[in-house]
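Student: Next input, structure requested:
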Amino acid sequence: MLIEADLIAKRATLRWLSQQHPEWTHQDLAAALDMSGSWVNKWLQRLRQADPDGVMALHSRSRARHTPPDSIASQPTIVQRIGGDPHRSARELAARSRARSHPLLSPS
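Tutor: Now for the predicted structure:
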C-alpha cells in the first residue's frame, strides 16, 4: 500500500503526463503510473476541476463524516425499543437499567 507522499507524487506525475501527452488514453496513463484506470479517471477529473498549478488538488480528500449522525431521539422506533417515552430523562433510564442488571434487584 502506498503512503500519502507516494500518492501525491503519482498524482503530480499524472498531471504532468496528461499535459505532456494529451493524446494518451486513460489506460496509457494508468500503465505508465502502474495504477488502475479508475484511479486515473478519478484523479484527472479532480485535477481538471482544480487550479492547474495548485498543490492542494494533489492531496486526498477526507474520508471523515461531514455531517453529524441523526439523533436517536428523532427516531421513534428506536426510542420505543429503548424505553418508550422519548421525554423520560436519561437518569430514569439509567436507574432502570442498573436495577435490571443488579442481581438482588432484578425480578426472578
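Student: Per-residue pLDDT of Ala94, please?
Tutor: For Ala94, the pLDDT comes out at 74.
Student: Within the helices and strands, which one has it?
Tutor: helix 90-101 (DSSP states H and E).
Student: Repeat that for Asp70.
Tutor: Using DSSP H and E, Asp70 sits in no helix or strand.
Student: do you know how far it is from Ala64?
Tutor: To Ala64, Asp70 is 17 Å away according to Cβ to Cβ, to the nearest Å. For every residue, glycine as well, the C-beta is placed using N, CA and C.
Student: So those two - more neighbours on which side?
Tutor: Asp70 (9 against 5; other Cβ atoms under 10 Å).
Student: Could you pull up the residues touching that one?
Tutor: Counting by Cβ atoms under 8 Å, 6 or more residues apart in numbering, Asp70 makes contact with nothing.
Student: Please report the distance of His26 from Gly37.
Tutor: For His26, the distance to Gly37 - Cβ to Cβ - is 5 Å.
Student: Which residues are in contact with each of these two?
Tutor: Common neighbours of His26 and Gly37 (Cβ under 8 Å, 6+ apart) do not exist.
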